[in-house]
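1. Give me a model of this one.
(chains A and B)
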Amino acid sequence: MISRRTLEIGTAVLTGAFGTAILVSSLQIGVGWTSRGLGAGIFPAISGSLIVLGSLYNLVRGALHQGGVALDWPRAKKIGAILLPALAFVAAIPLLGLHVAAGAYVFGSLVARRDRSIRRAVAFGIATPLALYGIFDWGFQVALPHGLLGAALGF
Amino acid sequence: MENLELLMHGFGIALSLNHIGLMLVGVLLGILVGVLPGLGAPNGVSLLLPLTFGMQPVSAIILLSSMYWGALFGGSVTSILFNIPGEPSSVATTFDGYPMARDGRPTTALATAFSSAAFGALVGVVLITLLASWIAKLALDFGPPEYFAVYFLAFASFIGVGGAPPAKTLVSLCIGFAIAAMGMDTVSGNVRLTMGVDEFVRGISFVVAVMGLFGIGELLIAAEEEIHAKAVSSRIEWREVFRTIARMPGHWMALGRSALIGCWMGITPGGPTAASFMSYGIAKRVSRRGDEFGSGEPEGIIAPETADHSAGTSALLPMLALGIPGSATAAVMMGGLMIWGLNPGPMLFVEQKDFVWGLIASMYLGNVVAVVMVLLTVPLFAALMRVPFFVISPLIITVCAVGAYAVTNSYLDIVLMMGFGLLGYLFKKLDYPISPLVLAIVIGDKAEDAFRQTMIVSKGTLGIFFSTPLVATITGLGFVLLALPLISRALRGLRVRLQSALQVAQNAE
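-> Coordinates of the predicted model:
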């Protein structure tokens, strides 16, 4: 169970860390005056410091927040049911290629719900890579990645 | 008069068979992304972007802008029939649209929404027709200081009138700037902020950010809310459609007021979402039937819909005339313009007359096409909403992954997109606005260039932003907008104190 307060603090820390990284990195590039005008670091340095300042403010506001629950277990489970397969799909792309990974992903998502017929899941699983190939590789000449599997099969 | 001639010329371009076909395709795809949860106008337009690289710019922009109109209409369909806003900008339409549809008047609700939307869009396009070339002519004399001042004004209005907590808007905006700065620095040629990742040298594309923030982020929110598509009947009774349209002039006050609010919010980049909420809020306050709002009041549909569409349309005005997009979708389109090799801004009106006036003419036609198409396809898209979420969501994630990949053919972009998706979820959940982030990624470089050029001119003094009446006015207006949240809070505090003082005085009597 995650409270709104925890989530606010966590996000503020996250944005603050990003801002700090930008700030440090742009200070290294140089924020002084060069022969070509302002240094390349100054604009990102301003952005970085504003992110840090804003995050600090949000952190304090978040810490004072009296809100209730932001994410309880049932809701987290629902998000996980979407997010985890999606992450697995993205992780599988270098290996299987986008077409096959997408087909497996759609097939898996349908099979995971038992109230669906397996035949329909198979049909969707086969139709997805074919549709992707037809629309993007063939129709619009955007070559989607074939992955290690594609390379092994000689695509 | 000259504008009228140019507009007629534009109609000549837009009225070709090819372009009408593109409008139909664009509007249909737009309604589709507008109806589907997770996909919206910014995603849809980004998805189509790589597919337009081989097209004529004017055909490409007609396709993309028609998609935008379609998405704006599609969002209202789900709001009214399912109580599920397909687009963030149609949230306010659910307040009265759904109750009216539930009470057995779905056709009335839809027709009210569409005709007020069309009216709002029309006002927006007329405004563009009348003002765009004039503003562009004015802007031709702009130097770097004026440009930076206008950028500043745009960013300040996000913080001041965007509606989200100002500090959160600031963080979102500046993250966008930081991302825009990543990679090659256009002035010095230095590589910067790559954090050691070689692929960041060419920067992070706004398309990747849009796919993640809007697509994946919204999908996760939708998954959490677990939308149940319990639709009211989606059959369209045509006689009722015409009866509703005939009743519309009676609401001229609400229509006019909402269109004005929408245009204002579209030109200053408050965006359609803020416009529709603001318009609803004001209508509820000033309407004689304000207490009835929320139970299916026509003006409760007219106010947000008119403002939504007039803001969405007029958001293209600053994009065309100044190179500053007024909404996230306009920002994506502007990114497209730059990819096609056009330079958004006043020079467009001089060098690309066909493009500009073809687009403006297509807005008139595109909105007519959109109204007709959306009325015809309501039952079809309503049926689509009944497809279970677990079937739709992997398809949408796949489409987003393809969209992110197609920009530069890089796997890293898909991974980044998922990262942006998680960020988008957090941001949505905690009321951080997302549009400023996307806007800043698209125009961050231009704003930075303007700033650095100004500094070269002024030898490093900031006083240049107050050196002429024009630039001082723009900069000053920016500061006023920035201070607006503080001012309104102070006023509210004052009023509360006055009221309690009055109370005390009355009690003493």
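
2. Confirm for me that B:A472 is in contact with B:F465.
-> Yes - between B:A472 and B:F465 there is a contact under Cβ atoms under 8 Å: 7.3 Å. To be clear about C-beta, it is placed using only N, CA and C from the backbone, and glycine gets the same treatment.

3. Report whether stretch A:126-139 contacts chain B.
-> Yes - remark: stretch A:126-139 sits within contact range of chain B at A:128, A:132, A:136, by Cβ under 8 Å from any Cβ of the partner chain.

4. I figured the last one hits B:A406, correct?
-> Looking back up the chat, that one is A:F136. Yes - A:F136 lies in contact with B:A406 (Cβ under 8 Å); the separation is 7.2 Å.

5. sorry, back to before: now, the residues of stretch A:126-139 next to chain B that are in helices?
-> A:128, A:132 (DSSP state H).

6. Overlap of the contact sets of A:F136 and B:A406?
-> Residues touching both A:F136 and B:A406 by Cβ atoms under 8 Å, 6 or more residues apart in numbering or on different chains: A:142, A:144.

7. the residue most distant from the middle of chain A, which is it?
-> A:S35 (40.1 Å; Cα atoms, centre = their mean).

8. low-confidence ranges in chain A?
-> A:114-116, A:155 (pLDDT under 70).

9. What ranges does it have for its strands?
-> With DSSP state E applied, chain A shows strands at A:2-3, A:33-34, A:37-38, A:69-71, listed in chain order.

10. near chain B, anything from the last one?
-> Yes - figure legend: strand A:69-71 in contact with chain B (Cβ under 8 Å from any Cβ); contacting residues A:70-71.

11. can you list contacts of that strand?
-> By Cβ under 8 Å, 6+ apart, strand A:69-71 touches A:1-4, A:6-7, A:79, B:224, B:429.

12. one more time with 7 Å, if that's ok
-> Residues from elsewhere that reach strand A:69-71 (Cβ atoms under 7 Å, 6 or more residues apart in numbering or on different chains): A:1-4, A:7, B:429.

13. For chain A, give the helix that spans the most residues.
-> Max-length helix for chain A by DSSP H is helix A:73-112.

14. what about it and chain B, touching?
-> Yes - part of helix A:73-112 sits near chain B under the criterion Cβ under 7 Å from any Cβ of the partner chain, namely A:75, A:78-79, A:82-83, A:85-87, A:89-90, A:93-94, A:98, A:102, A:105-106, A:109-110.

15. Could you report the neighbour count for A:R119?
-> Neighbour count of A:R119, defined by other Cβ atoms under 10 Å in any protein chain shown: 8.

16. again with B:G444
-> When neighbours are counted by other Cβ under 10 Å, B:G444 comes out with 25.

17. Which of the helices or strands spans it?
-> helix B:435-458 (DSSP states H and E).

18. Could you pull out the buried residues of that helix?
-> Residues B:435-455 are the ones in helix B:435-458 that count as buried (16 or more other Cβ atoms under 10 Å in any protein chain shown).

19. Compute the distance between the nearest residue to B:V187 once chain neighbours are set aside and B:P144, please.
-> Leaving aside its sequence neighbours, B:V187 sits nearest to B:R452 (Cβ to Cβ, 6 or more residues apart in numbering or on different chains; 5.7 Å). Distance of B:R452 to B:P144, given as Cβ to Cβ, to the nearest Å: 8 Å.

20. do the same with A:V122
-> 61 Å.

21. residues contacting B:V356?
-> B:320, B:348-349.

22. The most centrally placed residue in chain A and A:G68, how far apart?
-> The residue lying closest to the centre of chain A (Cα atoms, centre = their mean) is A:L87, at 8.6 Å. To A:G68, A:L87 is 28 Å away according to Cβ to Cβ.

23. now swap in A:V106 and tell me
-> Distance from A:V106 to A:G68, by Cβ to Cβ: 36 Å.

24. same thing with B:Q453?
-> Counting by Cβ to Cβ, the gap from B:Q453 to A:G68 is 50 Å.

25. Present the contacts of B:V356 as TSV; the columns should include pLDDT and neighbour count.
-> Below are those laid out as TSV (pLDDT from 0 to 100; neighbours: other Cβ atoms under 10 Å in any protein chain shown):
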residue	pLDDT	neighbour count
B:L320	88	29
B:L348	89	22
B:F349	88	22
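
26. For B:A149, which non-adjacent residue is spatially closest?
-> Nearest to B:A149 is B:I474, by Cβ to Cβ, 6+ apart, at 4.0 Å.

27. residues contacting that neighbour?
-> With Cβ under 7 Å, 6+ apart, B:I474 has these contacts: B:146, B:149-150, B:153.

28. repeat that for 10 Å
-> Neighbouring residues of B:I474 by Cβ atoms under 10 Å, 6 or more residues apart in numbering or on different chains: B:142, B:145-153, B:465, B:468.

29. What is the burial count for residue 40?
-> Picking chain A for this. By other Cβ under 10 Å, 27 other residues sit near A:A40.

30. sorry, should have said chain B
-> B:G40, neighbours per other Cβ under 10 Å, totals 28.

31. Any chance of the backbone angles for it?
-> Dihedral pair for B:G40: phi -140, psi -170, per degrees, to the nearest 10.

32. Grab the nearest non-local neighbour of it.
-> B:E87 (5.1 Å).
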